[in-house]
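Engineer: have a look at this prediction, sequence included:
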Amino acid sequence: MTAAARDRDAFEAYVRHVNPTLGRFLKLSGRGFRLSKASGCTLEDDQGRKFDDWIAGFGSLNLGHNPPAVLAALRRHLDEGAPGLYVEALNPYSGKLGEALVKEAGSSFGTCFFSNSGSEAVEAALKTAIAATGRAAVLRAEGGYHGTTLGALACTGRGPYRDAFKGPLADFPEVPFGDLPALKAALAARPCSAFIVEPVQAEAGMRIAPGEYLAGAKAACRAAGALLIVDEVQTGMGRTGQLVACRHWGVEPDVLVLAKSLGGGVAPLGATVVARGLWEKAWPGLEVCEAHNSTFGGNPLSCAAGLAALQALREPELLARVRRAGDRLWSALRERLKKRALVAEVRGLGLLGGVALKEPSSEALRWESLGASELAGKPVAAALAVERLLRQNVFAQICGHDWSVLRVEPPLIVDDAGIDRFVGALDDALVWLERQ
């Protein structure tokens, strides 16, 4: 069997054995590509067709695909022959990365727990808050997305991700995002261990926290004896032009959750960075000091990737470049799309944001007319824009909880030419939609 035939079989095996429904949907929506190479901001399929990546692994590829510095760090680590796991022994690699993250996160932090993903990092945050305060309830912001494990899902907004699991999910109360009086009222109504929130709700349509909201949330939590957990799985690691987005608001939370690009886009790695003394309060004594654990969390290979990624992403020159690129991107989008009748709003911070679209009037542009009747009633305009962008060699996606918003999330290394190509391609896509 040739290498090409073997690869074709492997792609089809995904449809048969990994996620058949998703495989069918990818083919239906014209995204059943056989991607074979990736570098920087570019993806390439097995036919040599190249695409600009404007999804960036939902924030996992801030340094782009296969960043050379991270790959070099992994090769050096593998050549060292160090243990793959430090079971019942001190792990110098997680120690070094933990020290660096605590220092970079802010002056109030003290310890760092490592896991394999954002969901796991959220689980660690929730359990630590509950254990440290002795309170079982966690307040959550409406529209939030924190993962798909049961604890993280209990903090995630209503919708298909969580609806089937209402029975086993913890009954965590919900408050409107950005509504400080509602948060204060909820904290007064019921003892809560913590309030968990994202600075930018990416899956809810790229909703950005209003000006004094995060600072007010921290003060309200402090007054109520609760902890503030800020989930920066998607907004962190330089995505908004600061290493962590909460710096835009001048806030240091009690617990900071990181993942995705922390592993440089090539290694699974999550981190729960907690205030000084908080971890010891939650897990005191020899009997419970390992009560929350992760076999592969903080493994040496992932930490080697994390150290290299952190070194690159904390550089002031890169962060300034992200801010400049973001200013160029959002200004260009607002100027180019201001005459498009389908555009409701353009919103963004750094290189994270979205374009909110109105629905087209044509009955032909409905899910049931496009062969996906099970999606009837869902917004279709942004999904159609995604399909039109693909025709122009641009990979894009919609927001998971708000299908009316086209997400805008390129690698942080995107250049001016890449920005200009995206803006032009999106304008062309919307012109096509309006003509229908």
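Structural biologist: Happy to help now that I have it.
Engineer: where do the strands sit along the stretch 151-300 of the chain?
Structural biologist: Secondary structure of the stretch 151-300 of the chain (DSSP state E, counting those that start in this stretch): strands at 174-175, 194-197, 200-201, 207-208, 227-231, 255-258, 270-275.
Engineer: just put the ones you listed in a markdown table and tack on mean pLDDT.
Structural biologist: A markdown table is the format used below for the strands of the stretch 151-300 of the chain (pLDDT from 0 to 100):
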| stretch | mean pLDDT |
| --- | --- |
| strand 174-175 | 98 |
| strand 194-197 | 98 |
| strand 200-201 | 98 |
| strand 207-208 | 98 |
| strand 227-231 | 98 |
| strand 255-258 | 98 |
| strand 270-275 | 98 |
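Engineer: so which of these comes closest to Gly238?
Structural biologist: Nearest of the strands of the stretch 151-300 of the chain to Gly238, taken as C-beta to C-beta: strand 255-258 at 11.2 Å. Where you see a C-beta, it was placed from the backbone N, CA and C, and this is true even at glycine.
Engineer: which other helices and strands contact the closest one?
Structural biologist: When contacts are defined as 3 or more C-beta pairs under 8 Å, 6 or more residues apart in numbering; DSSP states H and E, strand 255-258 sits against helix 118-133, strand 227-231, strand 270-275.
Engineer: list the neighbouring strands of the shortest one plus their orientation.
Structural biologist: When pairs are called by DSSP bridges, strand 227-231 turns out to pair with strand 194-197 (parallel), strand 255-258 (parallel).
Engineer: now the angle from that strand to strand 270-275?
Structural biologist: Interaxial angle of strand 227-231 relative to strand 270-275 (axes from the mean of the first three to the mean of the last three C-alpha atoms, to 10 degrees): 150 degrees.
Engineer: now stretch 81-100: buried residues?
Structural biologist: Tyr86, Asn91, Tyr93, Ser94, Leu97, Gly98, Ala100 (16 or more other C-beta atoms under 10 Å).
Engineer: which helix or strand contains the third one?
Structural biologist: Spelled out, it's Tyr93. helix 92-105 (DSSP states H and E).
Engineer: can I get that helix as CSV, trimmed to CA atoms?
Structural biologist: Extracted in CSV, the C-alpha atoms of helix 92-105 (Å, rounded to 0.1, in the frame of the first residue of the first chain):
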residue,chain,number,x,y,z
PRO,A,92,12.3,19.3,38.2
TYR,A,93,10.5,20.1,34.9
SER,A,94,7.2,21.0,36.5
GLY,A,95,9.1,22.8,39.2
LYS,A,96,10.8,25.0,36.8
LEU,A,97,7.7,25.8,34.8
GLY,A,98,5.6,26.3,37.9
GLU,A,99,8.1,28.8,39.2
ALA,A,100,8.1,30.7,35.9
LEU,A,101,4.2,30.7,35.7
VAL,A,102,3.8,31.9,39.3
LYS,A,103,6.2,34.7,38.7
GLU,A,104,4.6,35.7,35.4
ALA,A,105,1.0,35.5,36.7
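Engineer: let's have the chain start at 210 instead
Structural biologist: Sure, I'll start counting at 210 from here, so that last one is helix 301-314.
Engineer: mind listing the strands the following helix or strand past it pairs with, and their directions?
Structural biologist: Using DSSP H and E, the helix or strand that follows helix 301-314 in sequence is strand 318-324. Sheet pairing of strand 318-324 (DSSP bridges) gives strand 479-484 (antiparallel).
Engineer: can you list contacts of the strand it pairs with?
Structural biologist: 307, 310-311, 314, 317-331, 333-334, 337, 442, 463-468, 471, 506, 515 (C-beta atoms under 8 Å, 6 or more residues apart in numbering).
Engineer: ok, which stretches of this structure are helices?
Structural biologist: 212-226, 229-237, 265-268, 277-289, 301-314, 327-342, 359-363, 389-398, 422-433, 487-491, 509-522, 525-546, 590-600, 625-644 (DSSP state H).
Engineer: what helices or strands is the fourth one leaning on?
Structural biologist: In other words, helix 277-289. Helices and strands touching helix 277-289, by 3+ C-beta pairs under 8 Å, 6+ apart, are helix 509-522.
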